[in-house]
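Engineer: What would the 3D arrangement of this be:
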Amino acid sequence: MTRGGRNKDREDGSERKCIATGEVRPKFGLIRFVVGPDGQIVPDLMEKLPGRGIWVSADRAALEKAVKKGLFARAAKQQVTVPEDLPDLVEQALVRRVIDLISLARKGGEAVTGFEKVKDWLVKDYAEVLIQASDGSGRGKSKLHTPEGGSFIGWLTADELGQAFGRQTVIHVVLGAGGLTQRVVEEAARLKGMRALGGDDDRRKG
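Structural biologist: Okay, the predicted model is just below:
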């Protein structure tokens, strides 16, 4: 894995076409859906459910378009039931997935929280990714900077990050080089596309 970047083999991997935008992109930038046994459209974030995959860009506007214009039925070539709140369901599922991955990274010694610990990892060049709560104090967050060549994630709340560490709230987190780090970055990128609040992953570089 390149520092803070994607694996080259992921860049060259499988591509899929979004039913809403018509764009063909690497599939880690899209979300897979399948038709369930009851004819309902189901998100398949793990990409393991049986059935023909229907792919939509990890972007709220694209998913809303697919829902409103009946694009799932067209892609599935059959009548389907689409939950009206499908974008919210996908966002919630992505939040849970990112939290679970960060929690696993913590248990594997690949993630730490707390201002001083985070600062120490940044100073010692251990960190690959800086994560800061979207609702944390701007003054406190401005004292830490994204690792050179690394990634910044700033669209999870303090409560959500707290769940990954078994705490009520968490503001600062860093991820080191490890097998889960790239997955956190990719899943967080998909979540950013589904969140209306977005996030500015360039604001604390350097």
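Engineer: Check which helix or strand the spatially closest residue to residue 111 that is not a sequence neighbour maps to.
Structural biologist: Nearest non-adjacent residue to residue 111, counting by CB to CB, 6 or more residues apart in numbering: residue 105, 4.1 Å away. Where you see a C-beta, it was placed from the backbone N, CA and C, and this is true even at glycine. Assigned by DSSP states H and E, residue 105 belongs to helix 86-107.
Engineer: Buried residues in that helix, which are they?
Structural biologist: Of the residues in helix 86-107, 86-87, 90-91, 93-95, 97-99, 101-106 count as buried by neighbour count, 16 or more other CB atoms under 10 Å.
Engineer: again, but for stretch 105-119
Structural biologist: Under the neighbour-count criterion of 16+ other CB under 10 Å, stretch 105-119 has 105-106, 110-113, 118-119 buried.
Engineer: Stretch 141-148 too?
Structural biologist: Within stretch 141-148, judged by 16+ other CB under 10 Å, the buried ones are 141, 144-147.
Engineer: Residues contacting the helix holding residue 105, please?
Structural biologist: Here helix 86-107 makes contact (CB atoms under 8 Å, 6 or more residues apart in numbering) with 31, 41, 43, 45, 60, 63-64, 67, 83, 111-113, 131, 156, 160-161, 163-165, 173, 175, 178, 180-181, 183-184, 187-188, 190-191, 194-195.
Engineer: where exactly do the helices run in the chain?
Structural biologist: 8-11, 60-68, 71-76, 86-107, 115-123, 138-141, 158-165, 181-194 (DSSP state H).
Engineer: Okay then, goodbye and thanks.
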